[in-house]
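*Asks:* Sharing a model that was predicted from the sequence below.
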Amino acid sequence: MGMVGGCLSSFIGVVHRMAAVLDNEISLACGAFSADAAMSRKAGEAYYLDSDRVYGSYKEMFDREKRLPLGERMDFVSIVTPNFLHFPVAKMALESGFHVVCEKPMTVSSEEARLLAERVETTGLVFALSFPYSAYPMVKQAKFIVEQGILGNIRKVVVEYSQGWLASAIEVTGNRQAAWRTDPVKSGKSGTIADIGVHAQNLAEYITGQNISEVCADLNIFVPGRKLEDDANLLVHFDGGAKGILFASQISTGEENNLNFRVYGEKGSVTWNQQEPNSLVLNLINKPMQVIRSGDKGNLCAEAIKNTRLPAGHPEGLIEAFANIYRNFAEAVNIVNQGNIKHHKDFDMATVHDGLKGMFFIDAVVQSAKSDHKWIKLKKQEYKGL
């Protein structure tokens, strides 16, 4: 793989590199790790890459890599830049014939997202979006429980993603991670929703198999001087009839990375918390509470078993979840490279179509927050044919 972004100060670049190589199916071959050529070279040295494969810009990387023979050039690019660069880098990668793994949100506008979706359909290349929380084994098990009808018809969904790291204006203190996330030029029209709210949206839709159809949103800026929301409270309706609450916040003082969901059906419920990822709680009416554990392979569905890497009692964490995405992506790339065309839904990973849905979600949330109307429907005409 090649990488765009992910210099030495990058958090998410480290996660992607570690995850990608975990199964020995992928290796880092090249990269344009920073818009600053000197910083890119420094990162390349730290990653033990040949200096000829460390580039000063992503444009240079694509131009030179596509000229290399098959088997020598990179097979795909991993995009781990701030939001505003996702679209131009992904577009050029697809136009150059490379498969893509992209950080979320996929773009900064639904128009860009629609163009990328069309480009992926036209080229037949594989595009995976970085939604790692849906790759945890116990999330796979929750999805299976819902699909099997064990909970009955789904009535209510509550999904929360709360953090406290932006409770003060650390973006003005030199914190680069905070600076670009709170900058509309680099983040786009949304702050907290684009950064972590889309994870909650994707998780809710992945588990229930229902799409969010309309939202009623309250977006807040609590830290003075910010231009993008740092807190969001949403009521949501799903196209399968479920109703719910989505809460995303980065000013929830004391919270670390509290992503959790509760799915309630007519017969029971499932609950999961990312900070204790090995346990899924199943409550069925008139039956004792069950705690399903990721190491208990005798009681897990096939997808949960496939995505469980460690023996019982060993936490399956973020690196392993990201690695599950890369393993599934590598499988998809190998199949497509062999000339076998499979529908995107056959691969257990978020795709360009999930990225498009994510942008429709962000659009509707921002529109709802600015509107006097109670409910804003999500776009869906663009789903036709996807």
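*Replies:* Looks like it came in fine.
*Asks:* confidence score at S9?
*Replies:* S9 is assigned a predicted lDDT (pLDDT) of 89.
*Asks:* What sits closest to it if chain neighbours are left out?
*Replies:* If the residues on either side of it in the chain are set aside, S9 comes closest to R176, at 6.3 Å by Cβ to Cβ, 6 or more residues apart in numbering. All C-beta spots, glycine's among them, are computed from the backbone N, C-alpha and C.
*Asks:* For the one you found, give me the pLDDT.
*Replies:* Reported pLDDT for R176: 93.
*Asks:* What of E382?
*Replies:* For E382, the predicted pLDDT is 52.
*Asks:* got it, and L310?
*Replies:* At L310, pLDDT is 89.
*Asks:* Can you give me the distance of it to K143?
*Replies:* 20 Å (Cβ to Cβ, to the nearest Å).
*Asks:* Likewise for A217?
*Replies:* Applying Cβ to Cβ to A217 and K143 gives a distance of 26 Å.
*Asks:* Could you do K267 as well?
*Replies:* On the measure of Cβ to Cβ, K267 and K143 end up 16 Å apart.
*Asks:* quick one on the thing from earlier: higher neighbour count, L310 and K143?
*Replies:* K143 (22 against 14; other Cβ atoms under 10 Å).
*Asks:* For that one, which non-adjacent residue is closest in space?
*Replies:* I207 (5.0 Å).
*Asks:* Please enumerate residues in contact with the helix or strand containing that neighbour?
*Replies:* According to DSSP states H and E, I207 maps onto helix 198-208. Applying Cβ atoms under 8 Å, 6 or more residues apart in numbering, the contact partners of helix 198-208 are 104-105, 131, 133-134, 139, 142-143, 146, 154, 157, 159-161, 211-212, 236, 238, 240, 242, 244, 246-248, 259, 261, 263, 270, 350, 354, 357-358, 361-362.
*Asks:* Among these, which are located in helices?
*Replies:* 139, 142-143, 146, 354, 357-358, 361-362 (DSSP state H).
*Asks:* Counting neighbours, which of these end up buried?
*Replies:* Using 16 or more other Cβ atoms under 10 Å as the burial test, the ones in helices among the contacts of helix 198-208 include 139, 142-143, 146, 354, 357-358, 361-362 as buried.
*Asks:* Include distance to L300 when you put these into JSON lines, please.
*Replies:* Listed next are those as JSON lines, based on distance: Cβ to Cβ, whole Å:
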{"residue": "V139", "distance to L300": "12"}
{"residue": "A142", "distance to L300": "11"}
{"residue": "K143", "distance to L300": "12"}
{"residue": "V146", "distance to L300": "15"}
{"residue": "D354", "distance to L300": "24"}
{"residue": "K357", "distance to L300": "28"}
{"residue": "G358", "distance to L300": "28"}
{"residue": "F361", "distance to L300": "30"}
{"residue": "I362", "distance to L300": "34"}
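*Asks:* Right, I'll call it a day here.
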